[in-house]
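A.B. asks: here's a sequence, model it:
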Amino acid sequence: VSGCVVAVDMNEAGTVLASQDSVPFLWKDGVVTPLAGVSSGIPVALNDAEQVLLTASSVGPALWEAGTLTPLLTPAHVTIEPAAINEGGQIIGHGAGVTGGTWLWDDGIATPLELDAVHALNDLGEIAGVKDNATGVLSGGTFVPLPFSNEARVYAMTNDGVALDPRRFEAATAIEPRER
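C.D. replies: Numbers count the residues shown, from 1 in each chain. Reported below is the predicted structural model:
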């Protein structure tokens, strides 16, 4: 790989999701694997099953898996920006524009969320985001605000319910740790 390469994500197996000149690809052990069927796009995230969340120039927001590109559609046909994918293949994203809203895709079905923004998703389906200017976690249909400063935003969340803002070195737990 030569030129300007941007690494976006890496899974537990060491596979890296990256792009070069708007062409997304997977890289592992020195081998570059283009995403079949994707000539250009913006890669967003990768899970351990090597499902790739991206915005493809040909179809918009999509899930790429083993050479198949599946567009992420909303019932309202809102243009969305994909945000995260978990190990179970659940996807979160937010709409572009004022009326776009926030969405969860589970087994291809889009469900609107009552959040103003979404940032992270753990393997249990708990979603970190913003509601009424408060940063928190949506768990089991309940939004739990986090004790973060007003400037903090969650960029990662563990399966133990710990939400992280690495820019400000803040971490908080929104839900009680439980056996998982």
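A.B. asks: for Gly88, see how far away Phe25 is.
C.D. replies: Phe25 is 24 Å from Gly88, where distance means C-beta to C-beta, to the nearest Å. Every C-beta, even on glycine, is put in place using the N, C-alpha and C of the backbone.
A.B. asks: just checking, Ile42 touches Asp21?
C.D. replies: No - if you go by C-beta atoms under 8 Å, Ile42 and Asp21 don't touch, sitting 11.9 Å apart.
A.B. asks: more neighbours: which of those two?
C.D. replies: Counted by other C-beta atoms under 10 Å, Ile42 and Asp21 do not tie: Ile42 has more neighbours, with 16 against 9.
A.B. asks: sorry, back to before: who's more crowded, Phe25 and Gly88?
C.D. replies: With neighbours defined as other C-beta under 10 Å, Phe25 and Gly88 compare such that Phe25 has more, 19 against 16.
A.B. asks: which element is the more buried one on?
C.D. replies: strand 23-28 (DSSP states H and E).
A.B. asks: I'd like to know which elements that strand is packed against.
C.D. replies: Strand 23-28 sits against strand 16-20, strand 31-34, strand 41-46, strand 52-56, with contacts defined as 3 or more C-beta pairs under 8 Å, 6 or more residues apart in numbering; DSSP states H and E.
A.B. asks: what helices and strands are in contact with the longest one?
C.D. replies: Right, strand 41-46. Using 3+ C-beta pairs under 8 Å, 6+ apart, the elements in contact with strand 41-46 are strand 5-10, strand 16-20, strand 23-28, strand 52-56, strand 80-85.
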